[in-house]
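**Q** Here is the input, now give the coordinates:
(2 chains)
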Protein chains: 2
Amino acid sequence: MNNLPALDRIRVVLSRPSHPGNIGAAARAMKTMGLFHLWLVSPASFPDPVAEARASGAGDVLAVVRVVGSLREALSGTVLAAALTARRRDLSLARLDPRAAAAELVQWAQGTRGEVALVFGNEASGLSNEELELCTLQVTIPANPAYASLNLGAAVQLMCYELRLAAMGQGDGTFPIEPLPEPATHDEIENFFTHLESSIVESGFLDPAKPRRLMSRLRRLFGRVRLEKEEIAILRGILSSFGTGVKNSRQKQ
Amino acid sequence: MNNLPALDRIRVVLSRPSHPGNIGAAARAMKTMGLFHLWLVSPASFPDPVAEARASGAGDVLAVVRVVGSLREALSGTVLAAALTARRRDLSLARLDPRAAAAELVQWAQGTRGEVALVFGNEASGLSNEELELCTLQVTIPANPAYASLNLGAAVQLMCYELRLAAMGQGDGTFPIEPLPEPATHDEIENFFTHLESSIVESGFLDPAKPRRLMSRLRRLFGRVRLEKEEIAILRGILSSFGTGVKNSRQKQ
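**A** Below you'll find the model as predicted:
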């Protein structure tokens, strides 16, 4: 299907797109650059004849679109998710420009068996903080500070172009393709966060009535690491070893 | 008007555009990247409310569009004209990819008093041979050979993005340096590892008689994060909260 196999392991995710025309434009932009996996989270209207029209010759991409109800579902099975953000966000993740982000996405798509995702928010409101926290890194397209409002389809075009260049080995001509340790999947990482949260609630460090921004801080910290599968096992082993202690202490009291 | 003066000497020329929506999309794409000079050669319909709608917040670019009757007029006063072509056309013209073409256009725009032009043909038929002969070089966007049909507005977005990067001197993809949160010091990080090690020895997860490579793994994991000062405080707070539980459980046994 593709002479650049890394591109077959990249999902483009549009979260809550308002305008079906932009869905069609995204499909067309993707196909011109050799990407085929489009996921939609709660689109306002899909399928829609306007999307078909704007897709032009990329109806085959629309025909296999995956429609899901949450970003969490769209990221299930991925090992890296890059979120497009127009500006630096609160408690931000690592932030890259399109070229550096494309190099990283392609390297992960080539070096592992997992899929990677590129996530675009709603046309007007972007990604919510909750959505952003599910992602691993932020990508910001350099733009006119006085008017940085790229059309969604145009932003997809630009990112897919950078992905194609990176897959062709032309991102900056220097990044090596190295085998990487097996990364943790999105689901494994989310399960770790659930385990961590319940552990520190049990230990008394996190008061659910006054959570402050503690879990966000911890997500940001571990989000920067790109956790590996074995590391998740170690961290959860550590949490379990503490958990036993805490539980015992409760039981004995 | 622009903190990247080279961009003020670049014209975007659309020759015989069929769809007013694409004119609006081009204006928007240009403004997001800091380009403002749009020339139209014999547009099918302009002005047009569809163009206004698609321009979104770039109505100011549409308001100063120059409409002319021939490409020759649109290129009057320019010193260099780069023509977008989907495939190799005139064998006598140099053919560059978008990045190389943007570097050349910006270099000319900065190094001379003249203007330069980026020329896009009709959506369906492209540039005629006569039009191509008026240009200095060809630009071809790398694309899926099976479907290289970029939307006109998306192609303008992509080229203007490369022009902005070239004008910023950032063709290599580096981002401007931003202030970072205060990093943890070496001593703070070492004290954290000491705390972590004693905690997991106490919890029973690390057996000092059979340490395997556990601390090395954890050092590698946290070493990738570039821990911040506040994060160290959170992590040590968590360890202390577990430590209490473990200690209590031992005391009660």
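**Q** Just give the number of residues close to A:R212.
**A** As a burial measure, A:R212 scores 9 neighbours (other Cβ atoms under 10 Å in any protein chain shown). C-beta coordinates here come from the backbone N, C-alpha and C atoms, glycine included.
**Q** My error: substitute A:T194 in the last question.
**A** 10.
**Q** go on, A:V64?
**A** Counted with other Cβ under 10 Å, A:V64 comes out at 10.
**Q** Chain neighbours aside, what residue packs nearest to it?
**A** Closest residue to A:V64 apart from its sequence neighbours, by Cβ to Cβ, 6 or more residues apart in numbering or on different chains: A:F36 at 7.3 Å.
**Q** Tell me if I'm right that that neighbour and A:V61 touch.
**A** Yes. If you go by Cβ atoms under 8 Å, A:F36 and A:V61 touch, sitting 5.7 Å apart.
**Q** Give me the neighbour count for A:V67.
**A** By the criterion of other Cβ under 10 Å, A:V67 has 14 neighbours.
**Q** check contacts around it.
**A** Residues near A:V67 by Cβ atoms under 8 Å, 6 or more residues apart in numbering or on different chains: A:W39, A:L40, A:P43, A:F46.
**Q** Spatially central residue for chain A, please.
**A** A:A81 (2.1 Å; Cα atoms, centre = their mean).
**Q** Tell me if I am right that it is in a strand.
**A** Yes. With DSSP: H, G, I helix; E, B strand; the rest coil as the criterion, A:A81 is located in a strand.
**Q** and it, bridged to which residues?
**A** In this entry, A:A81 is beta-bridged to A:A117, by DSSP bridges.
**Q** how much space is there between it and chain B?
**A** According to Cβ to the nearest Cβ, to the nearest Å, A:A81 stands 18 Å off from chain B.
**Q** what do you get for A:T194?
**A** Separation of A:T194 from chain B (Cβ to the nearest Cβ) stands at 15 Å.
**Q** returning to what we had before: could you pull out the residues contacting both of A:F36 and A:V61?
**A** With Cβ under 8 Å, 6+ apart as the test, A:F36 and A:V61 both reach A:M30.
**Q** So the two - more neighbours on which side?
**A** A:V61 (23 against 19).
**Q** who's in contact with the host helix or strand of that one?
**A** Assignment of secondary structure by DSSP states H and E places A:V61 within helix A:59-63. If you take Cβ under 8 Å, 6+ apart as the criterion, helix A:59-63 is touched by A:I23, A:G24, A:A27, A:R28, A:M30, A:K31, A:F36, A:L38, A:P47, A:A51, A:E52, A:A55.
**Q** likewise stretch A:181-200?
**A** A:72, A:75-81, A:108, A:112-114, A:134, A:206, A:214-215, A:218-219, A:222, A:226-232, A:235-236, A:239, A:242-243, A:246, B:238, B:241-242.
**Q** Whichever of the residues you listed end up buried, select them in PyMOL.
**A** Buried members of the contacts of stretch A:181-200, defined by 16 or more other Cβ atoms under 10 Å in any protein chain shown, are picked up in PyMOL with:
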select buried, (chain A and resi 75+78+79+80+81+108+112+114+134+206+214+218+219+222+226+227+228+231+232+235+236+239+242+243+246) or (chain B and resi 238+241+242)
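**Q** What is the neighbour count of A:E130?
**A** Neighbourhood size, A:E130 [other Cβ under 10 Å]: 11.
**Q** How about the strand or helix carrying it and chain B, touching?
**A** Using DSSP H and E, A:E130 sits in helix A:129-133. No. Helix A:129-133 is not in contact with chain B by Cβ under 8 Å from any Cβ of the partner chain; minimum separation 16.0 Å.
**Q** So in that sheet, which strands flank whichever helix or strand comes after that helix, and in what orientation?
**A** Going down the chain from helix A:129-133, the next helix or strand is strand A:137-139, by DSSP H and E. Using DSSP bridges, strand A:137-139 pairs in its sheet with strand A:78-84 (parallel), strand A:95-96 (parallel).
**Q** hang on, the earlier thing: of the contacts of A:V67 - the most surrounded one?
**A** Busiest of those [other Cβ under 10 Å] is A:L40, holding 22 neighbours.
**Q** Now do the contacts for that residue.
**A** Contact analysis of A:L40 by Cβ under 8 Å, 6+ apart lists A:V13, A:L14, A:P17, A:I23, A:F46, A:V65, A:R66, A:V67, A:V68.
**Q** Secondary structure of A:L14: a helix, I assume?
**A** No. Secondary structure of A:L14 (three-state DSSP): strand, not part of a helix.
**Q** How about the contacts made by it?
**A** Contacts for A:L14 (Cβ under 8 Å, 6+ apart) come out as A:N22, A:I23, A:A26, A:L38, A:W39, A:L40, A:V41, A:P43, A:F120, A:L152, A:V156.
**Q** nearest to chain B, of those residues?
**A** Using Cβ to the nearest Cβ, the shortest approach to chain B within the contacts of A:L14 belongs to A:V156, at 8.3 Å.
**Q** So that closest one, which state does it fall into?
**A** State at A:V156, reduced to three classes by three-state DSSP: helix.
**Q** element containing A:D207, please.
**A** Judged by DSSP H and E, A:D207 forms part of no helix or strand.
**Q** cool, A:C160 as well?
**A** Using DSSP H and E, A:C160 falls within helix A:152-167.
**Q** Report all helices and strands that that helix contacts.
**A** Counting contacts by 3 or more Cβ pairs under 8 Å, 6 or more residues apart in numbering or on different chains; DSSP states H and E, helix A:152-167 is packed against strand A:10-15, helix A:20-32, helix A:98-111, strand A:115-120, helix B:20-32, helix B:152-167.
**Q** Quick check: the residue of the stretch 51-200 of chain A nearest chain B.
**A** For the stretch 51-200 of chain A and chain B, the shortest gap (Cβ to the nearest Cβ) falls at A:R99, measuring 3.3 Å.
**Q** Confirm for me that that residue is in contact with A:E162.
**A** Yes. The pair A:R99 / A:E162 is scored as a contact, 5.6 Å apart, by Cβ under 8 Å.
**Q** of those two, who's got more company?
**A** Higher neighbour count among A:R99 and A:E162: A:E162, with 28 against 23, using other Cβ under 10 Å.
**Q** Not including adjacent chain positions, what is the nearest residue to that one?
**A** Counting by Cβ to Cβ, 6+ apart, A:A102 is the residue found nearest to A:E162 once chain neighbours are left out, at 3.8 Å.
**Q** State the number of residues packed around that neighbour.
**A** For A:A102, using other Cβ under 10 Å, the count is 28.
**Q** Tabulate the contacts of helix A:59-63 (a markdown table), appending pLDDT.
**A** Below are the contacts of helix A:59-63 laid out as a markdown table (pLDDT from 0 to 100):
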| residue | pLDDT |
| --- | --- |
| A:I23 | 98 |
| A:G24 | 98 |
| A:A27 | 98 |
| A:R28 | 98 |
| A:M30 | 98 |
| A:K31 | 98 |
| A:F36 | 97 |
| A:L38 | 98 |
| A:P47 | 97 |
| A:A51 | 98 |
| A:E52 | 97 |
| A:A55 | 98 |
